[in-house]
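[1] sequence plus the predicted model coming up.
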Amino acid sequence: MYKKYINSFYLFVLALSIGAVFCAGALSAPVIFTASNYTIIDIDRFNSGLIMSEIFRRLNYLLNFNAFLILLFEGWNYLTFKRDKIILISSFITVCCTLLFTLYYTPFILESLLLGANKILTPQFEGMHKGSEIAFKLLFISLAVLFVKKVINYDKN
């Protein structure tokens, strides 16, 4: 009886994470980095980065919780022989991209921003930022694939 509630909660968290990743990456970031086009206040790239980094810092709590649930839920399914190759691959990619983004890229970017505007003008920062964007896009895609496959398999669980 509780199985459907657990599965529904898991799907809810996956969907919530997909929506949060989409909103942060596709909706918030473009507006925040061009905020001076919409306001009378001139917001430079550095200050826009400060605002965006706070959004991502908060989003990381949800993403890490999501990664924990995926490890728990899909690990249990794997151990009980409910295996699906697409789910395993997308789960692995999702967890890897989440941990890469939350534990590697975000701390580096936050630390660079704390050091000031000169630190974000370096090639190292640009490379790390580009890497974080790629990880974030892969995270979105793998989360979407995982969610769709879990919905398709919903009655099997």
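    Received the coordinates, thanks.

[2] pLDDT below threshold where in this structure?
    Along the chain, the parts satisfying pLDDT under 70 run over 1, 157.

[3] in stretch 126-140, what's buried?
    By neighbour count on 16 or more other Cβ atoms under 10 Å, the buried set for stretch 126-140 is Met128, His129, Ser132, Ala135, Phe136, Leu138, Leu139, Phe140. For every residue, glycine as well, the C-beta is placed using N, CA and C.

[4] just give me the closest of the residues you listed to Leu69.
    The nearest member of the buried residues of stretch 126-140 to Leu69, counting by Cβ to Cβ, is Leu139 at 14.6 Å.

[5] nearest spatial neighbour of the closest one, skipping sequence neighbours?
    Closest residue to Leu139 apart from its sequence neighbours, by Cβ to Cβ, 6 or more residues apart in numbering: Cys97 at 3.9 Å.

[6] so how many other residues sit close to the one you found?
    24 (other Cβ atoms under 10 Å).

[7] mind listing what's buried along the helix or strand harbouring it?
    Under the criterion of DSSP states H and E, Cys97 resides in helix 85-100. Residues of helix 85-100 classed as buried: Ile87, Ser90, Ser91, Ile93, Thr94, Val95, Cys97, Thr98, Leu100 (neighbour count, 16+ other Cβ under 10 Å).

[8] roughly how far out does that helix sit from the chain middle?
    The chain centroid and the centroid of helix 85-100 are separated by 12 Å under Cα atoms, centre = their mean, to the nearest Å.

[9] contacting residues around it?
    63-64, 66-67, 70-71, 74, 77-78, 135-136, 138-139, 142-143, 145-146, 149-150, 153 (Cβ atoms under 8 Å, 6 or more residues apart in numbering).

[10] keeping just the C-alphas, turn it into CSV.
    C-alpha atoms of helix 85-100 as CSV (Å, rounded to 0.1, in the frame of the first residue of the first chain):
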residue,chain,number,x,y,z
LYS,A,85,19.3,-0.1,-18.3
ILE,A,86,18.1,3.4,-19.2
ILE,A,87,17.1,4.1,-15.6
LEU,A,88,20.5,2.9,-14.3
ILE,A,89,22.4,5.1,-16.8
SER,A,90,20.3,8.2,-16.3
SER,A,91,20.5,7.7,-12.5
PHE,A,92,24.3,7.4,-12.7
ILE,A,93,24.6,10.5,-14.9
THR,A,94,22.2,12.5,-12.7
VAL,A,95,24.0,11.7,-9.5
CYS,A,96,27.4,12.4,-11.0
CYS,A,97,26.4,15.7,-12.5
THR,A,98,24.6,16.7,-9.3
LEU,A,99,27.7,16.0,-7.2
LEU,A,100,30.0,17.6,-9.7
